[in-house]
Each structure stands twice: as C-alpha cells, then as structure tokens.
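Chemist: sequence-free structure coming up:
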C-alpha cells in the first residue's frame, strides 16, 4: 500500500496493529528515563523551581506527555518530599493501555489535560508525531510516498501550500535530491500543549537540529529490540525523526508562551545540578557503600550529559 510518510507513520505506530499499541518502548531503545534515577531527580528539581515560581499553589500539576510505562512520573513521586507529594496532581499521557503496576495516584489519560498549573514534560514525544517527507525536484518539492510493506519510496504530489510555506521558512531545500521532514504537525502538537498550560512551564526534550544546519537527507530512523533498523512502516518497529525544535518554539510563542529557552540537555541538566563529577576517592575508605552509590550516580549523570549521546538532546522550555 502506497501512502504519504505521515499517513504511513500514523498507521504503523498508532493504528489498530500499530507498534505503540502492542509494544512498550523500554524494550526497543534507551532513554534518559531508563538511564537511572538521576534524570527523575533533575525533573524533580525543575518541578520544585516551577512550584516556587508559582507561589506554591494548593494543587501542582505534573504531566508526562508520551509517558510510555509511566516510569518518569513514578520515580519523581517516589523521591518527592511528602509536603510536595501531597499537593501533586500527576497525569501520564499515552495512547497505550495503563500499565498494571502504575501507582494509583497517577492518572492515566490519552489526552493532555486542560488548565495545567505546574510542569508539563514531553520527553521523546515529538519525534514520534507522524510527519510527511518532501524531496526537492527540478520543479520544486514533492511529497515522498512509501510502500508500507517494503519501505520502497516514490515521489508523489507537491506538498500542501501550508507545508510548502513551512519548508520555505524552516527547512529550505538547497538542491535537487535534498529531503526534508515537514514539521508542521509537530508544531501543532506542541501548540496543543501550550494552550493547555494555564500557568507554569512546558519542556520538550528530543534530538533536534537548527534551521541553519538541517540534514540534507533527513533523519527518519527505525528501532527494534535495541537496534537501528530500516524505517519500514509495517508496524514492526518504532519510527522516529529528529525535531525542528526552533519551529516548535516559534509555534509556542504564537500560542502564548511568555518566555523561551532553547538549549541542549547537557546544559539544561548541568543547570539542574547534574554534573557527572566523581566522588572524592577518600570516601572509598571512610564510607565504602556510600562511595559505590556515589560512583553509580556519577555514571548515570555522565551518560545523561554526554555531548554525543543523551546530552545532545535539545531542550525547549517555554513558560506561560
């Protein structure tokens, strides 16, 4: 069956037999959440900063968008101090069924809640929002069609005028054969987060690229069982593409964001106290168990801020 890439991704990931309705992501790729508790600790630090900025409201929301198995919010709840935990209203948003062991205190939803007062986190969510792919020809950009069974491609019609405008602004195609992933659907998805944020902070975390350094051939990638595989949209693998976070930031500002910070995960986590520093060697003789715990922690932190690994993620933070 020949479809546009956006339709093929939608069917392969979220259709009746889609990958994300049958599989849990932890078995197929490693994320910041699965790297250990240090990431949850950083999100808790950020949540406490938001809480203070809001004046410690009676109810504080924590919303995890694209929650997977709910591991992030579960860990944040585990380590949150009792006073904060008592005020937290926690929602995990995902299209998959509610995990059996998810704490009862966490609301499981397929929709982003309205009127969020607090922190909304979208960790590796936007990269799974389906999008179309365009290729430049001598007559202008054309949509790329894909065979959902084999991954074979061919050129289709020109993109919708709104998509063509998006390409001209955010991903100009410099020569024949160059390809772009049209991120207008991601902009709309991020806008849907911002308009539901009454007061607080929304954070999008994903592999990203800037408008002045887009990849010539795009970034469509498949993952299965921890390995990179061809992105064949047949429902047997995860399919992702890096995110034009700068375009999402502009969409968020149009939706009402009053401040925007765009940085790397390395810089964002270092500002939240994640340094990857080794514990002092003297601790090994005075408190061997403590030294081992601190060593394990620094290993986790180092992975989270590694510039050519998880630390290379983009962090988009927007407040309303």
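Modeler: The structure has been received and is ready for your questions. No experiment lies behind these values; they were computed from the predicted model shown.
Chemist: Could you list the low-confidence segments of the stretch 201-320 of the chain?
Modeler: 284-285, 288, 290-291, 294-295 (pLDDT under 70).
Chemist: Residue 61 contacts residue 87, correct?
Modeler: No. Contact criterion C-beta atoms under 8 Å: residue 61 and residue 87 do not qualify, at 9.8 Å. Every C-beta, even on glycine, is put in place using the N, C-alpha and C of the backbone.
Chemist: These two: which is more packed in?
Modeler: residue 61 (23 against 15; other C-beta atoms under 10 Å).
Chemist: can you tell me the helix or strand for that one?
Modeler: In this structure, residue 61 is located in strand 60-65 according to DSSP states H and E.
Chemist: List of residues touching that strand?
Modeler: 47, 50-51, 54, 70, 72-73, 76, 84, 87-93, 112-113, 116-123, 125, 193, 200 (C-beta atoms under 8 Å, 6 or more residues apart in numbering).
Chemist: Among those residues, which lie within helices?
Modeler: Residues of the contacts of strand 60-65 located in helices (DSSP state H): 47, 50-51, 72-73, 76, 84, 87, 193.
Chemist: now those residues in CSV, with pLDDT and distance to residue 161?
Modeler: CSV is the format used below for the ones in helices among the contacts of strand 60-65 (pLDDT from 0 to 100; distance: C-beta to C-beta, whole Å):
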residue, pLDDT, distance to residue 161
47, 98, 41
50, 98, 39
51, 98, 44
72, 96, 39
73, 96, 40
76, 96, 43
84, 97, 48
87, 98, 47
193, 98, 26
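Chemist: farthest-separated two in those?
Modeler: 84 and 193 (22.6 Å; C-beta to C-beta).
Chemist: Pull up the distance across stretch 88-105, start to finish.
Modeler: With C-alpha to C-alpha, to the nearest Å applied, stretch 88-105 spans 9 Å between its terminal residues.
Chemist: List the buried residues in that stretch.
Modeler: Within stretch 88-105, the residues scored as buried using 16 or more other C-beta atoms under 10 Å are 88-94, 96, 98-99, 102.
Chemist: can you name the two of these that are farthest apart?
Modeler: Greatest spacing in the buried residues of stretch 88-105, by C-beta to C-beta: 88 and 96 (22.7 Å).
Chemist: From residue 22, how far off is residue 241?
Modeler: Between residue 241 and residue 22 the distance, using C-beta to C-beta, to the nearest Å, works out to 21 Å.
Chemist: okay, those two: which has more neighbours?
Modeler: Between residue 241 and residue 22, counted using other C-beta under 10 Å, residue 241 has the larger neighbour count: 25 against 11.
Chemist: is it true that that one touches residue 222?
Modeler: No. Look at residue 241 against residue 222 with C-beta under 8 Å: they stay out of range, at 10.6 Å.
Chemist: Check what pLDDT the residue nearest the centre of the chain gets.
Modeler: The centroid of the chain falls nearest to residue 124 when counting by C-alpha atoms, centre = their mean (2.1 Å). For residue 124, the pLDDT comes out at 95.
Chemist: on that earlier part again, with distance to residue 171 added, can I get the ones in helices among the contacts of strand 60-65 in JSON lines?
Modeler: As requested, the ones in helices among the contacts of strand 60-65 are arranged in JSON lines below (distance: C-beta to C-beta, whole Å):
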{"residue": "47", "distance to residue 171": "34"}
{"residue": "50", "distance to residue 171": "32"}
{"residue": "51", "distance to residue 171": "38"}
{"residue": "72", "distance to residue 171": "30"}
{"residue": "73", "distance to residue 171": "33"}
{"residue": "76", "distance to residue 171": "35"}
{"residue": "84", "distance to residue 171": "41"}
{"residue": "87", "distance to residue 171": "42"}
{"residue": "193", "distance to residue 171": "22"}
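Chemist: from these, which is closest to residue 237?
Modeler: Ranked by distance to residue 237 (C-beta to C-beta), those are led by residue 72 at 23.1 Å.
Chemist: shared neighbours of residue 61 and residue 87, which are they?
Modeler: Taking C-beta under 8 Å, 6+ apart as the contact criterion, no residue touches both residue 61 and residue 87.
Chemist: Neighbouring strands - and their directions - for the strand ranked longest in the chain?
Modeler: In terms of residue count, the longest strand belonging to the chain (DSSP state E) is strand 197-206. Using DSSP bridges, the strands paired with strand 197-206 are strand 116-123 (parallel), strand 314-319 (antiparallel).
Chemist: Narrow the contacts of strand 60-65 to just the buried residues.
Modeler: Buried among these (16+ other C-beta under 10 Å): 47, 50-51, 70, 72-73, 76, 84, 88-93, 112, 116-123, 125, 193, 200.
Chemist: Residue 314 is in contact with residue 262, correct?
Modeler: Yes. Under the criterion of C-beta under 8 Å, residue 262 makes contact with residue 314 at 6.9 Å.
Chemist: Provide a list of residues in contact with residue 59.
Modeler: By C-beta under 8 Å, 6+ apart, the residues touching residue 59 are 87, 89, 117.
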